[in-house]
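how would this look folded up:
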Amino acid sequence: MSTERPVLPTRGEIPEGFRLAFRDEEVDGLPLRRFLFPDGLHDPARAVVCVPGLAASGRSFARQAPLARRFDLRPLTGPLAMPFPGNPIESLARVLVDYLHRLDRPVLLGTSFGSLVAISAAAQLGQRISGLVLVSALASGMMVPRRYAAFSGAMLAPRPLAWLAAPAAARVIGGPDLDEAARRELVRESRLISSAEMFRRVSAVLSTDLFALLPRLQVPVLLVHGTKDRVIPLRSARKLADHLPAGRYFEIRGAGHTPYLSHPVQFNDLFGGFLEQVLPAAAPSVHAP
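So this is what the prediction gives:
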(Lines give C-alpha, C1' and ligand atoms only; values in the text may rest on other atoms or scores of the structure.)
Protein backbone atom coordinates (compact mmCIF):
# COMPACT_ATOMS: atom_id res chain seq x y z
CA MET A 1 0.00 0.00 0.00
CA SER A 2 1.38 3.44 -0.86
CA THR A 3 0.36 7.06 -0.66
CA GLU A 4 -1.47 7.97 -3.85
CA ARG A 5 0.56 11.07 -4.67
CA PRO A 6 4.27 11.80 -4.20
CA VAL A 7 5.11 13.87 -1.13
CA LEU A 8 7.31 16.88 -1.83
CA PRO A 9 9.76 17.74 0.98
CA THR A 10 9.70 21.12 2.61
CA ARG A 11 12.90 23.06 2.07
CA GLY A 12 13.89 23.17 5.73
CA GLU A 13 17.37 21.80 6.34
CA ILE A 14 17.58 19.52 3.29
CA PRO A 15 20.49 20.74 1.12
CA GLU A 16 19.99 21.68 -2.50
CA GLY A 17 20.24 18.63 -4.73
CA PHE A 18 18.81 16.23 -2.15
CA ARG A 19 15.16 17.37 -2.11
CA LEU A 20 13.61 14.28 -3.65
CA ALA A 21 9.90 13.58 -3.44
CA PHE A 22 8.86 10.29 -1.86
CA ARG A 23 6.05 7.79 -1.40
CA ASP A 24 5.40 5.84 1.78
CA GLU A 25 4.42 2.17 1.53
CA GLU A 26 3.77 -0.64 3.96
CA VAL A 27 5.63 -3.87 3.27
CA ASP A 28 5.38 -6.92 5.51
CA GLY A 29 3.77 -4.73 8.15
CA LEU A 30 6.60 -2.17 8.23
CA PRO A 31 6.81 1.33 6.72
CA LEU A 32 9.06 1.73 3.70
CA ARG A 33 9.82 5.06 2.04
CA ARG A 34 10.65 5.14 -1.68
CA PHE A 35 12.30 8.25 -3.07
CA LEU A 36 11.43 9.50 -6.56
CA PHE A 37 13.53 11.24 -9.20
CA PRO A 38 12.00 14.05 -11.27
CA ASP A 39 11.18 12.61 -14.72
CA GLY A 40 12.54 9.25 -13.62
CA LEU A 41 11.82 6.14 -15.67
CA HIS A 42 8.97 3.92 -14.50
CA ASP A 43 9.64 0.43 -15.87
CA PRO A 44 9.57 -2.53 -13.43
CA ALA A 45 11.65 -4.54 -15.91
CA ARG A 46 14.48 -1.99 -15.44
CA ALA A 47 14.06 -1.59 -11.67
CA VAL A 48 17.06 -0.95 -9.44
CA VAL A 49 16.44 -1.03 -5.68
CA CYS A 50 18.99 0.90 -3.59
CA VAL A 51 19.51 0.28 0.15
CA PRO A 52 21.45 2.99 2.04
CA GLY A 53 24.01 2.81 4.79
CA LEU A 54 23.76 2.71 8.56
CA ALA A 55 22.40 6.19 9.26
CA ALA A 56 21.57 7.35 5.74
CA SER A 57 18.29 7.43 3.84
CA GLY A 58 17.41 6.72 0.24
CA ARG A 59 17.79 10.45 -0.31
CA SER A 60 21.56 9.92 -0.21
CA PHE A 61 21.32 8.40 -3.72
CA ALA A 62 20.18 11.75 -5.17
CA ARG A 63 23.39 12.04 -7.22
CA GLN A 64 22.46 8.96 -9.20
CA ALA A 65 19.76 11.13 -10.85
CA PRO A 66 21.55 11.08 -14.26
CA LEU A 67 20.84 7.33 -14.40
CA ALA A 68 17.17 7.66 -13.44
CA ARG A 69 15.98 8.42 -16.99
CA ARG A 70 17.48 5.11 -18.22
CA PHE A 71 16.69 2.92 -15.20
CA ASP A 72 13.83 2.72 -12.71
CA LEU A 73 15.91 3.71 -9.66
CA ARG A 74 14.14 3.05 -6.36
CA PRO A 75 16.10 4.34 -3.34
CA LEU A 76 14.47 3.00 -0.19
CA THR A 77 14.52 3.83 3.50
CA GLY A 78 13.29 1.47 6.18
CA PRO A 79 11.71 2.57 9.47
CA LEU A 80 13.77 4.81 11.74
CA ALA A 81 13.37 2.17 14.44
CA MET A 82 13.33 -1.49 13.42
CA PRO A 83 11.08 -3.96 15.31
CA PHE A 84 12.32 -4.95 18.75
CA PRO A 85 13.48 -7.53 19.65
CA GLY A 86 15.24 -8.80 16.57
CA ASN A 87 18.28 -8.22 14.38
CA PRO A 88 17.78 -5.00 12.33
CA ILE A 89 19.70 -6.47 9.37
CA GLU A 90 17.54 -9.59 9.23
CA SER A 91 14.34 -7.59 9.74
CA LEU A 92 15.12 -5.20 6.90
CA ALA A 93 16.25 -8.06 4.61
CA ARG A 94 12.90 -9.78 5.17
CA VAL A 95 11.03 -6.61 4.17
CA LEU A 96 13.31 -6.16 1.18
CA VAL A 97 12.70 -9.70 -0.08
CA ASP A 98 8.94 -9.08 0.09
CA TYR A 99 9.33 -5.81 -1.83
CA LEU A 100 11.60 -7.32 -4.51
CA HIS A 101 9.15 -10.16 -5.15
CA ARG A 102 6.81 -7.51 -6.57
CA LEU A 103 9.28 -6.56 -9.33
CA ASP A 104 10.51 -8.29 -12.48
CA ARG A 105 14.07 -9.45 -11.68
CA PRO A 106 15.42 -6.10 -10.46
CA VAL A 107 19.00 -5.22 -9.64
CA LEU A 108 19.73 -4.78 -5.95
CA LEU A 109 22.29 -2.28 -4.60
CA GLY A 110 23.42 -2.09 -0.99
CA THR A 111 26.03 0.18 0.55
CA SER A 112 27.80 -0.30 3.91
CA PHE A 113 25.12 -1.48 6.41
CA GLY A 114 22.85 -1.83 3.38
CA SER A 115 25.34 -4.24 1.78
CA LEU A 116 24.73 -6.74 4.59
CA VAL A 117 20.98 -6.37 4.04
CA ALA A 118 21.46 -6.79 0.29
CA ILE A 119 23.65 -9.90 0.62
CA SER A 120 21.12 -11.53 2.94
CA ALA A 121 18.22 -10.72 0.60
CA ALA A 122 20.10 -11.75 -2.56
CA ALA A 123 21.01 -15.13 -1.06
CA GLN A 124 17.30 -15.76 -0.45
CA LEU A 125 16.18 -14.52 -3.86
CA GLY A 126 18.61 -16.40 -6.08
CA GLN A 127 17.84 -15.77 -9.75
CA ARG A 128 14.81 -13.65 -8.94
CA ILE A 129 17.14 -10.66 -9.21
CA SER A 130 19.25 -9.74 -12.23
CA GLY A 131 22.34 -8.49 -10.42
CA LEU A 132 23.82 -7.28 -7.17
CA VAL A 133 25.84 -4.11 -6.56
CA LEU A 134 27.85 -3.84 -3.34
CA VAL A 135 29.33 -0.43 -2.48
CA SER A 136 31.78 0.05 0.42
CA ALA A 137 30.62 -3.41 1.35
CA LEU A 138 31.23 -5.81 4.17
CA ALA A 139 30.09 -9.38 4.65
CA SER A 140 31.10 -9.62 8.31
CA GLY A 141 31.53 -7.38 11.31
CA MET A 142 35.09 -8.67 11.46
CA MET A 143 35.85 -6.43 8.46
CA VAL A 144 35.32 -3.33 10.61
CA PRO A 145 38.58 -2.11 12.20
CA ARG A 146 38.67 -2.80 15.91
CA ARG A 147 39.35 0.87 16.66
CA TYR A 148 35.83 1.67 15.44
CA ALA A 149 34.20 -1.37 16.99
CA ALA A 150 35.61 -0.33 20.38
CA PHE A 151 33.63 2.91 20.19
CA SER A 152 30.25 1.24 19.58
CA GLY A 153 29.25 1.85 23.19
CA ALA A 154 29.57 5.58 22.57
CA MET A 155 26.38 5.30 20.47
CA LEU A 156 24.49 5.24 23.76
CA ALA A 157 25.84 8.64 24.79
CA PRO A 158 23.25 11.28 25.68
CA ARG A 159 21.59 12.64 22.55
CA PRO A 160 23.27 16.09 22.71
CA LEU A 161 26.71 14.44 22.67
CA ALA A 162 25.77 12.16 19.75
CA TRP A 163 24.29 15.18 17.97
CA LEU A 164 27.53 17.13 18.34
CA ALA A 165 29.64 14.18 17.15
CA ALA A 166 27.69 13.74 13.90
CA PRO A 167 29.72 16.25 11.79
CA ALA A 168 33.02 14.61 12.77
CA ALA A 169 31.62 11.18 11.93
CA ALA A 170 30.43 12.45 8.52
CA ARG A 171 33.96 13.70 7.74
CA VAL A 172 35.43 10.29 8.53
CA ILE A 173 32.76 8.46 6.53
CA GLY A 174 32.67 10.80 3.54
CA GLY A 175 36.41 11.15 3.12
CA PRO A 176 38.45 14.19 2.08
CA ASP A 177 36.63 14.79 -1.22
CA LEU A 178 33.07 14.89 0.10
CA ASP A 179 31.58 18.35 -0.46
CA GLU A 180 29.81 20.42 2.17
CA ALA A 181 26.25 19.84 0.87
CA ALA A 182 26.64 16.06 0.94
CA ARG A 183 28.28 16.20 4.36
CA ARG A 184 25.40 18.28 5.70
CA GLU A 185 22.91 15.76 4.34
CA LEU A 186 24.70 12.84 6.00
CA VAL A 187 24.68 14.74 9.29
CA ARG A 188 21.01 15.64 8.95
CA GLU A 189 20.01 12.04 8.19
CA SER A 190 22.07 10.56 11.04
CA ARG A 191 20.43 12.89 13.55
CA LEU A 192 17.00 11.46 12.73
CA ILE A 193 17.93 8.12 14.31
CA SER A 194 17.90 7.67 18.07
CA SER A 195 21.08 6.74 19.93
CA ALA A 196 19.50 3.45 21.04
CA GLU A 197 18.57 2.50 17.47
CA MET A 198 22.04 3.44 16.21
CA PHE A 199 23.58 1.21 18.89
CA ARG A 200 21.30 -1.68 17.82
CA ARG A 201 22.35 -1.29 14.19
CA VAL A 202 26.06 -1.07 14.95
CA SER A 203 25.81 -4.07 17.29
CA ALA A 204 24.04 -6.02 14.55
CA VAL A 205 26.80 -5.18 12.07
CA LEU A 206 29.55 -6.25 14.46
CA SER A 207 27.83 -9.56 15.27
CA THR A 208 26.92 -10.51 11.68
CA ASP A 209 28.93 -12.85 9.45
CA LEU A 210 27.51 -13.59 6.00
CA PHE A 211 30.59 -15.08 4.31
CA ALA A 212 28.87 -18.48 4.28
CA LEU A 213 26.09 -16.99 2.12
CA LEU A 214 28.40 -15.71 -0.64
CA PRO A 215 28.49 -19.01 -2.61
CA ARG A 216 24.68 -18.77 -2.84
CA LEU A 217 24.82 -15.54 -4.85
CA GLN A 218 23.78 -16.70 -8.31
CA VAL A 219 23.81 -13.43 -10.25
CA PRO A 220 26.44 -10.99 -11.59
CA VAL A 221 27.98 -8.87 -8.83
CA LEU A 222 29.61 -5.44 -9.05
CA LEU A 223 31.77 -4.30 -6.13
CA VAL A 224 32.88 -0.66 -5.82
CA HIS A 225 35.18 0.64 -3.10
CA GLY A 226 36.98 3.90 -2.39
CA THR A 227 40.74 3.89 -1.92
CA LYS A 228 40.40 6.30 1.04
CA ASP A 229 37.70 4.34 2.86
CA ARG A 230 38.54 4.52 6.56
CA VAL A 231 35.54 2.42 7.68
CA ILE A 232 36.13 -0.70 5.57
CA PRO A 233 39.85 -0.85 4.63
CA LEU A 234 40.93 -1.79 1.12
CA ARG A 235 42.46 -5.06 2.27
CA SER A 236 39.05 -6.13 3.61
CA ALA A 237 37.30 -5.06 0.41
CA ARG A 238 39.77 -7.06 -1.67
CA LYS A 239 39.24 -10.08 0.59
CA LEU A 240 35.50 -9.83 -0.04
CA ALA A 241 36.14 -9.61 -3.79
CA ASP A 242 38.27 -12.77 -3.59
CA HIS A 243 35.24 -14.61 -2.22
CA LEU A 244 33.24 -13.56 -5.29
CA PRO A 245 35.43 -14.76 -8.17
CA ALA A 246 32.67 -14.06 -10.70
CA GLY A 247 32.22 -10.54 -9.35
CA ARG A 248 33.68 -7.39 -10.90
CA TYR A 249 35.68 -5.30 -8.45
CA PHE A 250 36.59 -1.63 -8.98
CA GLU A 251 38.29 0.98 -6.81
CA ILE A 252 37.60 4.70 -7.08
CA ARG A 253 40.77 6.63 -6.33
CA GLY A 254 40.44 9.17 -3.53
CA ALA A 255 36.91 8.16 -2.52
CA GLY A 256 35.97 7.46 1.07
CA HIS A 257 33.10 5.32 2.37
CA THR A 258 30.49 7.05 0.16
CA PRO A 259 31.87 7.02 -3.42
CA TYR A 260 28.38 7.40 -4.90
CA LEU A 261 28.22 10.79 -3.14
CA SER A 262 31.79 12.08 -3.35
CA HIS A 263 32.63 10.78 -6.84
CA PRO A 264 29.25 10.45 -8.60
CA VAL A 265 30.58 10.73 -12.16
CA GLN A 266 33.03 7.84 -11.79
CA PHE A 267 30.55 5.82 -9.76
CA ASN A 268 27.66 6.37 -12.18
CA ASP A 269 29.84 5.29 -15.11
CA LEU A 270 30.58 1.97 -13.40
CA PHE A 271 27.06 1.52 -12.07
CA GLY A 272 25.33 2.45 -15.33
CA GLY A 273 27.58 0.22 -17.43
CA PHE A 274 26.82 -2.75 -15.16
CA LEU A 275 23.07 -2.09 -15.30
CA GLU A 276 23.09 -1.96 -19.10
CA GLN A 277 24.72 -5.40 -19.16
CA VAL A 278 22.37 -7.19 -16.74
CA LEU A 279 18.97 -5.55 -17.36
CA PRO A 280 16.80 -5.97 -20.46
CA ALA A 281 16.66 -3.27 -23.12
CA ALA A 282 14.49 -0.30 -22.27
CA ALA A 283 10.83 -0.25 -23.32
CA PRO A 284 9.28 2.98 -24.66
CA SER A 285 9.86 5.54 -21.90
CA VAL A 286 7.30 5.83 -19.13
CA HIS A 287 8.34 8.39 -16.53
CA ALA A 288 7.24 8.75 -12.94
CA PRO A 289 4.68 11.45 -12.12
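
So what pairs up with residue 72 in the strands?
residue 47 (DSSP bridges).

so what's it scoring on pLDDT?
For residue 72, the pLDDT comes out at 97.

I'd say it and residue 43 touch.
Yes: Residue 72 is in contact with residue 43 according to C-beta atoms under 8 Å; the separation is 4.9 Å. In this view, the C-beta of every residue, glycine as well, is placed from N, C-alpha and C.

and stretch 25-35, which residues are buried?
Residues of stretch 25-35 classed as buried: 25, 27, 30, 32, 33, 34, 35 (neighbour count, 16 or more other C-beta atoms under 10 Å).

could you dump the residues you listed to a markdown table with distance to residue 274 and secondary structure?
Below are those laid out as a markdown table (distance: C-beta to C-beta, whole Å; DSSP: H, G, I helix; E, B strand; the rest coil):
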| residue | distance to residue 274 | secondary structure |
| --- | --- | --- |
| 25 | 27 | strand |
| 27 | 26 | strand |
| 30 | 29 | strand |
| 32 | 25 | strand |
| 33 | 25 | strand |
| 34 | 22 | strand |
| 35 | 21 | strand |
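
Would you state the helices of the stretch 101-250 of the chain in chain order?
113-125, 146-149, 159-174, 180-190, 195-207, 234-242 (DSSP state H, counting those that start in this stretch).

Now do the same contact list for the residue lying closest to residue 225 once chain neighbours are set aside.
Ranked by C-beta to C-beta, 6 or more residues apart in numbering and with sequence neighbours excluded, the top spatial neighbour of residue 225 is residue 237, at 4.0 Å. With contacts defined as C-beta atoms under 8 Å, 6 or more residues apart in numbering, the neighbours of residue 237 are 136, 137, 223, 225, 229, 249, 251.

Pull up the gap between residue 129 and residue 78, please.
From residue 129 across to residue 78, the span is 18 Å (C-beta to C-beta, to the nearest Å).
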